[in-house]
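Enquirer: what follows is a predicted structure for the sequence shown.
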Amino acid sequence: MFTVDPVGGNPKGLHIPCFRAVMSQMSLKEVRVFSPATVANVACGFDVLGFAIEQPGDEIVVRRSAQPGFRITKITGDDGRLPLDPKLNTAGVAVLDLLRHLGKTDLGIEMEIHKKMPFGSGLGSSAASAVGGAFAVNHLLGEPLTRKQLLPFVVAGEAAADGAWHADNVGPCLLGGITLIRSNAELDVHAIPIPENLWAAVVHPDIVVLTKVAREIMPRHIQLETSTQQIGNLGGLICGLYQSDYALIGRSLHDLIAEPYRQRLIPEFYRAKRAAMAAGALGFSISGAGPSVFALCEGEKAAREVAKAVAEVFSSVPLKATPYVSRINPKGVHVLSAS
Ligand code: HSE
């Protein structure tokens, strides 16, 4: 029996999808989703700010199975690095947590994970798998939870990879756009407006940086002056995004907390930064824990020029450099097909 609330809200704040959607999803046998890469921190918002990009992104397929229980049957594109055991896999941990919450651990569900982004890249790879897995299973089951209600499960999935509880990758991956996390503990998450002509240039140099390692080299204590400047920049960036003030966005894109420590993990980081700024970036920093780097730009042309200039620096090391130029992705994770 389903309770149907045509206006979509109810006193307990529970998400109840419309009757027709539930009926059509009840019979779903297979769901394929796209789960995008994300840029976490966005320079001045360590652990509290992130945005989604259009490409790359993982594809996750879930289907019903006659055999009870949840299984990961296949992982591609991971060079054999990721475990099939759901208890050791970020997507698996998120899905197991979700199924436990829904009281459906006996349900027969199989999952395939097709990794389309590099491991240890700073592009939110583990977050994309955790989000894609939980979102796909939730869709297969007729959307018992809203996207926001999936947050604790996907954060737990990502925490299985790096041991830390932060939603600055999973937030924008799940909800799309630019996401501010006021509190990671409370998962108090907010969408920030996307200025119309804001583009991102992201470049991945072909080295691996483990988030766990990049977190361990961070300082435990921050000088008062440093923290004051970082807070000013974060406030300035949020104001700039609300007001589509590109100059203010540019003035605010500075990271005084993580970048000075983590830049040493990225060959020629400061040369890449100078090249990006000379090519017209509003600002430039490390994407998440690195080694990918990102710039925000006004317009596509500037973003393409910045990506090219940065890729040239990494190529001269020599390192294979893969550029991704895109608008901020407003959709986040989404269904590619369902049958
Ligand atoms: N905020 C996180 C960090 C993102 O910088 O460590 C990486 O997952």
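Expert: Looks like it came in fine.
Enquirer: and the longest helix for the chain?
Expert: Scanning the chain for the helix with the most residues, using DSSP state H, yields helix 224-243.
Enquirer: interface residues of the stretch 201-339 of the chain facing the ligand?
Expert: By the rule C-beta under 6 Å from any ligand atom, the part of the stretch 201-339 of the chain lying against the ligand is 211, 214-215, 258, 288-289. In short, each C-beta sits where N, CA and C put it, glycine included.
Enquirer: pull out the buried members of these.
Expert: Neighbour counting with 16 or more other C-beta atoms under 10 Å marks 211, 214-215, 258, 288-289 as buried within those.
Enquirer: could you report the pLDDT at the closest residue to residue 239 other than its chain neighbours?
Expert: Once flanking residues are discounted, residue 239 sits nearest to residue 248: 6.2 Å by C-beta to C-beta, 6 or more residues apart in numbering. Residue 248 carries a pLDDT value of 98.
Enquirer: quick check: which element contains residue 248?
Expert: Here residue 248, judged by DSSP states H and E, is contained in helix 246-252.
Enquirer: thinking again about what came up before, which one of the residues of the stretch 201-339 of the chain next to the ligand is nearest residue 280?
Expert: residue 288 (23.2 Å; C-beta to C-beta).
Enquirer: all strands for the stretch 201-339 of the chain, in order.
Expert: Taking DSSP state E, counting those that start in this stretch as the test, the strands found in the stretch 201-339 of the chain are 283-286, 293-298, 321-327, 334-338.
Enquirer: highest mean neighbour count out of these?
Expert: Mean neighbour count, computed with mean count of other C-beta atoms under 10 Å, is highest for strand 293-298 among the strands of the stretch 201-339 of the chain, reaching a mean of 28.
Enquirer: and stretch 206-214, average pLDDT?
Expert: In the prediction, stretch 206-214 has an average pLDDT of 93.
Enquirer: how far does the helix holding residue 248 sit from its chain's centre?
Expert: 23 Å (C-alpha atoms, centre = their mean, to the nearest Å).
Enquirer: tabulate the CA atom coordinates of that helix in CSV.
Expert: Provided in CSV are the C-alpha atoms of helix 246-252 (Å, rounded to 0.1, in the frame of the first residue of the first chain):
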residue,chain,number,x,y,z
TYR,A,246,33.5,37.2,-11.8
ALA,A,247,36.1,39.6,-10.5
LEU,A,248,35.1,38.9,-6.9
ILE,A,249,35.1,35.1,-7.7
GLY,A,250,38.7,35.6,-9.0
ARG,A,251,39.9,37.6,-6.0
SER,A,252,38.5,34.9,-3.7
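Enquirer: helices of the stretch 151-300 of the chain, residue ranges please.
Expert: Using DSSP state H, counting those that start in this stretch, the helices of the stretch 151-300 of the chain run over 151-162, 170-175, 211-216, 224-243, 246-252, 259-262, 269-278, 300-315.
Enquirer: the last one versus helix 269-278: what angle between them?
Expert: Between helix 300-315 and helix 269-278, the angle comes out at 160 degrees (axes from the mean of the first three to the mean of the last three C-alpha atoms, to 10 degrees).
Enquirer: quick one, helix 300-315 and strand 321-327 angle?
Expert: Using the same axes, to 10 degrees: helix 300-315 against strand 321-327 is 160 degrees.
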